[in-house]
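>>> sharing a model prediction with you, sequence too.
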Amino acid sequence: MGVVDEGRMIIEKDPAMPFQMQEIIIPILSQAKHFLVASSTMIPDQQLTVANAVREGTRLQAVTTARIIQKLSLRSHALKDDSLHGRMELHCHNNINMHLIVADSHLFLALPRQDGTADMENIIISREEAAVEWGRMLFYYFLSGSEKVDLATF
């Protein structure tokens with residue numbers, strides 16, 4: 001397991017100590033002012049952190065699958081809060097098979113395993129400007145082929 005961060009920070013998984021990637025990701029997400037998310041999975045800790053950030057003024061644009069949208073419609077209190085709809089956009093695209101978050105200054109990318117599920121143990125994290133820009137372009141690629149979801153239906 002490696003975390004790439006301007007070529008300086010490398011974190012290796014120690015088999016004697018369970019590695020908790022969320023300990024790195026959650027503090028970064030909680031400080032962001034804008035999120036771009038393209039994902040085919042739900043990570044409860046990340047979802048709660050992003051929802052809390054949106055309540056405090058952060059803007060969210062998300063592209064996800066119809067299956068995830070259905071789950072969100074049952075579980076997400078933030079999507080049901082009409083006062084937050086101005087800071088959130090939700091789009092549906094069924095050909096996503098990864099977990100991408102682009103925050104203000106960081107890229108988080110979990111690629112699929114051979115079984116098709118997102119590999120949440122080996123996440124690429126970068127704060128290099130070129131990587132963050134690449135993540136934005138990847139997000140907009142998925143956004144361009146998606147359909148906007150009417151948040152009023154939640």
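In hand now; what should we look at?

>>> what segments of the protein are helices?
All helices of the chain, identified by DSSP state H, fall at 22-31, 44-55, 66-75, 77-80, 129-144.

>>> now do the fourth one, average pLDDT.
Per-region confidence: helix 77-80 scores 80 on mean pLDDT.

>>> tell me which residues of that helix come out buried.
By neighbour count on 16 or more other Cβ atoms under 10 Å, the buried set for helix 77-80 is 78, 79. C-betas here are computed from N, CA, C, even on glycine.

>>> for it, give me every contacting residue.
Residues outside helix 77-80 that contact it (Cβ atoms under 8 Å, 6 or more residues apart in numbering): 51, 54, 55, 72, 73, 84, 88, 90, 151, 154.

>>> farthest-apart pair in the residues you listed, please.
The largest separation in the contacts of helix 77-80, counting by Cβ to Cβ, is between 55 and 73 at 18.6 Å.

>>> for the residue lying closest to residue 47 once chain neighbours are set aside, give its distance to residue 134.
Nearest residue to residue 47, sequence neighbours excluded (Cβ to Cβ, 6 or more residues apart in numbering): residue 76, at 7.3 Å. Distance, residue 76 to residue 134, using Cβ to Cβ, to the nearest Å: 28 Å.

>>> that older thread, are any of the contacts of helix 77-80 buried, and which?
51, 54, 72, 84, 88, 90, 151, 154.

>>> returning to that earlier point: neighbour count: residue 76 and residue 134, which is higher?
More crowded of residue 76 and residue 134, by other Cβ atoms under 10 Å: residue 76, with 18 against 15.

>>> so that one sits against residue 50, correct?
No - look at residue 76 against residue 50 with Cβ atoms under 8 Å: they stay out of range, at 10.1 Å.

>>> which neighbours do those two share?
Going by Cβ under 8 Å, 6+ apart, no residue sits against residue 76 while also sitting against residue 50.

>>> now for residue 53: which residues touch it?
Contacts for residue 53 were tallied using Cβ under 8 Å, 6+ apart; they are 29, 30, 32, 33, 35, 60.

>>> do the same with residue 135
36, 100, 102, 107, 109.

>>> again with residue 73
Contacts of residue 73 (Cβ under 8 Å, 6+ apart): 79, 153, 154.
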